[in-house]
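S.K.: sequence-free structure coming up:
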């Protein structure tokens, strides 16, 4: 089981409600902060996810925890006829809808408010499903993954992009220093929500990665599970099938 870290320690709300509140608050600054925090490398990682999905020639794509829609918009390059971006934060989705409209993709991409652990889609519905930097925010990881397996078509591809922890020196020490001290400081400077980026680094530190996440995916029922560490292991791309 994944350790359940929450953004607001003194809140009476559950993790799902706290995460929704947090992302609603930082939605206006989120894209810019992402570029700063990752030094822009997150764009390169997303393009690798695109190539994995594009190779399967999907007709339908679901991007879960789509946020402001970066990956959903990128998925238009797969030539899929329908792309759905799902997120629990209406604030993030509003930013995403503006970006989709600006690129004239609103006939292809639907931005949908919804819960990744209880999705409003039928069984075996999507050819490809992606999640970038979102599964560590699931309230119950196993429940969310089981729901993804349910709506994925047999033979479909599931790709995760998520933070991980480098295991080799000196990258391991450098990563810990950066996430513990620098990342929350950047968040405080650029965001009105002081706790958000502290939570993001803390949740990344305790989230299962590499073979641990591979084993959880296999336990849920996914097959052909692979982990591909990126940039010294600060992120990992996982691919799986049904």
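M.R.: In hand now; what should we look at? Just so you know, these numbers come straight off a predicted model, no measurement behind them.

S.K.: top strand in this protein by residue count?
M.R.: The residue-count maximum for a strand in the chain (DSSP state E) belongs to strand 152-163.

S.K.: Who does that strand pair with, and is each partner parallel or antiparallel?
M.R.: Paired neighbours of strand 152-163 in the sheet (DSSP bridges): strand 126-132 (parallel), strand 235-241 (antiparallel).

S.K.: Show me which positions of that strand end up buried.
M.R.: Neighbour-count burial for strand 152-163, counted by 16 or more other C-beta atoms under 10 Å, picks out 152-153, 156-163. Glycine gets a C-beta too; all of them are placed from N, C-alpha and C.

S.K.: got it, and stretch 80-89?
M.R.: Buried-residue list, stretch 80-89, by 16+ other C-beta under 10 Å: 80, 83-89.

S.K.: Going by distance to residue 105, which of those residues wins?
M.R.: residue 83 (8.0 Å; C-beta to C-beta).

S.K.: OK, contacts around that closest one?
M.R.: Shown in contact with residue 83 (C-beta atoms under 8 Å, 6 or more residues apart in numbering): 60-63, 72, 75-76, 108-110.

S.K.: For this protein, just list every one of the strands.
M.R.: So, for the chain - with DSSP E - the strands run 60-64, 82-87, 109-113, 126-132, 152-163, 223-230, 235-241.

S.K.: Please render the ones you listed as TSV that adds mean pLDDT and distance to residue 186 to the earlier fields.
M.R.: Below are the strands of the chain laid out as TSV (pLDDT from 0 to 100; distance: least, C-beta to C-beta, whole Å):
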stretch	mean pLDDT	distance to residue 186
strand 60-64	98	25
strand 82-87	98	23
strand 109-113	98	27
strand 126-132	98	19
strand 152-163	97	15
strand 223-230	97	20
strand 235-241	97	17
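
S.K.: Phi and psi next, for the residue lying closest to residue 14 once chain neighbours are set aside.
M.R.: Nearest non-adjacent residue to residue 14, counting by C-beta to C-beta, 6 or more residues apart in numbering: residue 139, 6.5 Å away. The phi and psi torsions at residue 139 (degrees, to the nearest 10) take the values phi -70, psi -40.

S.K.: Quick one: neighbours of residue 139, just the number.
M.R.: Residue 139 has 18 neighbours, counted by other C-beta atoms under 10 Å.

S.K.: try the one 3 residues further on
M.R.: Here the count is done by other C-beta under 10 Å, and residue 142 has 14 residues near it.

S.K.: Any figure for the gap between it and residue 148?
M.R.: As judged by C-beta to C-beta, to the nearest Å, residue 142 and residue 148 stand 11 Å apart.

S.K.: which residues touch the residue nearest to residue 14?
M.R.: Contacts for residue 139 (C-beta under 8 Å, 6+ apart) come out as 4, 14-16, 19, 117.

S.K.: pLDDT at it, what is it?
M.R.: What the model reports as pLDDT for residue 139 is 91.

S.K.: With residue 192 instead?
M.R.: On the pLDDT scale, residue 192 is placed at 61.

S.K.: Could you do the one 5 residues further on as well?
M.R.: Residue 197 carries a pLDDT score of 66 in this model.

S.K.: give the contact list for the closest residue in space to residue 214 that isn't next to it in sequence.
M.R.: In this structure, residue 214 finds its nearest non-sequential neighbour in residue 225, 4.9 Å apart by C-beta to C-beta, 6+ apart. Contacts for residue 225 (C-beta under 8 Å, 6+ apart) come out as 214, 217-218, 238-240.

S.K.: try it again with 10 Å
M.R.: Contacts for residue 225 were tallied using C-beta atoms under 10 Å, 6 or more residues apart in numbering; they are 158, 211, 213-218, 238-241.
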